[in-house]
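> I'll drop the sequence and a predicted model, then ask my questions.
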Amino acid sequence: MNTLDLPTLATRHLLRISDLTASEILRLLRLAAQLKRDLRPFAGALAQRSLVLLFEKPSLRTRVSFEAGFQQLGGGVVFLDHTASRIGARESVEDTAQNLSRWVDAVVIRCLSHDLLDRFASVSDVPVINALSDRHHPCQALADLAALADHGVDPSHANIAWVGDGNNVCHSLIEAVATLGGRMQVITPKACQPSDEVLQFAAMRAFRSGATITCTDDLAAVEGVDAVYTDVWVSMGEDGDRAAKVERMRPFQVNASLMNRAGPRARFMHCLPAHRGEEVTADILDGPRSITLDQAEFRMHAQNALLLSLLRPDLAQRTQD
Ligand code: CP
Ligand code: NVA
């Protein structure tokens, strides 16, 4: 019998990948693959359930994949646009969380400061899911590993080169690789390395999983990887001189020369949206080695796997038996 053993707690939040164990991540990836193959066993599974999305920043993929995905499972979605007024401006973060807990079954938040997520989750009676903060993007990392698995890369042995800015997407991927095993070469300018807190956490997880996480500014570290991953050089809400950062990042552009150096096995990955001519050239982003649209598709399957696991673990388990 293949039981999923998914979270059964009434309240279980996903604020960062470190909230999940290795076996939970693997089960979510398996369920995401199953949902891609055939959603029908789960149609109506979230009937009478409600999801609210609170977004302080713009979104295409995250908003639509949560809304369409939840609706395909039979549930209803309410979108609260906070791009013009911060969450907590009209009433406190805690009051907002406690009110929402009385009406909806889960809350998805995209916010400027990760601290808001911690405050919100600390008083929420329903699951809180991070849809991107300044520090983490866990739903993206789950989708990325599910997409890689769909391309034949074992998530527990993936070898990934991150090239560019050591940002929120990078942090979540580091935590995922460190938790599952595998290798990640984080190739950034020294001033743009991932946060020490994430690297320290990753070192602890890697000690258990056997993963190797290295930080370098040497582009030779792309050689032999399964995937080269990049993201925008300046993230939403980031302070500072954009032009100066773009200039500093130029040597870290993913282009044909870098992909050739990575080798024939390397796929190209990007969470999107992308800036052609900055972090990646158009020929690579739009070329045959790019799996970026598969990553985008797996946002929905991975998030649906997460929502089913949180809200209907009984069904998720029975269908996997
Ligand atoms: N990758 C991603 O999160 O895309 P959006 O910003 O469009 O949601
Ligand atoms: N690092 C990017 C990711 C967008 C999906 C940002 O935070 O803007």
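Structure's in. What do you need? Ligands and ions are numbered 1, 2, ... in the order given.
> For V52, list each beta-bridge partner.
Counting by DSSP bridges, V52 forms beta bridges with V78, V107.
> I'd like the next helix or strand past the host helix or strand of A244.
Applying DSSP states H and E as the criterion places A244 in helix 242-249. Heading C-terminal from helix 242-249, the first helix or strand you meet, by DSSP H and E, is helix 256-262.
> could you point out which element follows that next one?
strand 267-270.
> Skipping its backbone neighbours, what lies nearest C215 in space?
Distances taken as C-beta to C-beta, 6 or more residues apart in numbering place V186 nearest to C215, at 4.7 Å, with adjacent residues excluded. (C-beta placed from N, C-alpha, C; glycine too.)
> And for L35?
Ranked by C-beta to C-beta, 6+ apart and with sequence neighbours excluded, the top spatial neighbour of L35 is H301, at 4.6 Å.
> Now the phi/psi pair for that neighbour, please.
phi -70, psi -40 (degrees, to the nearest 10).
> what's near enough to touch the residue nearest to C215?
Going by C-beta atoms under 8 Å, 6 or more residues apart in numbering, V186 touches W162, G166, C170, I174, Q193, P194, I213, T214, C215, T216.
> can you give me phi and psi for it?
phi -100, psi 110.
> One more: the one 4 residues further on?
Listed backbone geometry of K190 is phi -60, psi -30, with angles given as degrees, to the nearest 10.
> Report whether the expected contact of it with D217 is present.
Yes - the pair K190 and D217 passes the contact test of C-beta atoms under 8 Å, sitting 5.8 Å apart.
> Of the two, which one has the most company?
Each of K190 and D217 has its neighbours counted (other C-beta atoms under 10 Å); D217 has more, 15 against 8.
> Got the confidence number for the more buried one?
pLDDT, D217: 98.
> Who are the contact partners of it?
Per C-beta under 8 Å, 6+ apart, neighbours of D217: I187, T188, P189, K190.
> Surely the second one touches G166?
Yes - with contact defined as C-beta under 8 Å, T188 counts as touching G166 (4.8 Å).
> between the two, what contacts are shared?
By C-beta under 8 Å, 6+ apart, the residues touching both T188 and G166 are P194, C215.
> Quick check: residues of the stretch 151-300 of the chain near ligand 2?
N167, N168, V169, D231, V232, S235, M236, C271 (C-beta under 6 Å from any ligand atom).
> Distance check, the closest residue to the second one other than its chain neighbours against A68.
The spatial neighbour of N168 that comes closest, neighbours along the chain excluded (C-beta to C-beta, 6+ apart), is H137 at 4.9 Å. Between H137 and A68 the computed distance is 19 Å (C-beta to C-beta, to the nearest Å).
> Next, the residue of the stretch 1-150 of the chain found nearest ligand 2: secondary structure please.
Here the residue of the stretch 1-150 of the chain nearest ligand 2 is L132; by C-beta to the nearest ligand atom that distance is 5.8 Å. With DSSP: H, G, I helix; E, B strand; the rest coil as the basis, L132 sits in coil.
> Now that it has come up, it's in contact with V108, right?
No - if you go by C-beta under 8 Å, L132 and V108 don't touch, sitting 10.0 Å apart.
> show me what contacts F42?
L35, L73, N304, L308, L315, T319.
> swap in A305?
Residues near A305 by C-beta under 8 Å, 6+ apart: L28, L29, L31, A32, L35, L142, A316.
> Apply 10 Å and report the result again.
Residues near A305 by C-beta atoms under 10 Å, 6 or more residues apart in numbering: 4, 6, 27-36, 42, 69, 142-143, 146, 298, 316.
> List phi and psi for the nearest residue to E279 once chain neighbours are set aside.
Excluding the flanking residues, the one nearest E279 by C-beta to C-beta, 6+ apart is T230, at 4.7 Å. T230 has phi and psi values of phi -140, psi 170 when expressed as degrees, to the nearest 10.
> Could you do P264 as well?
phi -70, psi -20.
> Run a quick neighbour tally on it.
As a measure of burial, P264 has 7 neighbours, counting by other C-beta under 10 Å.
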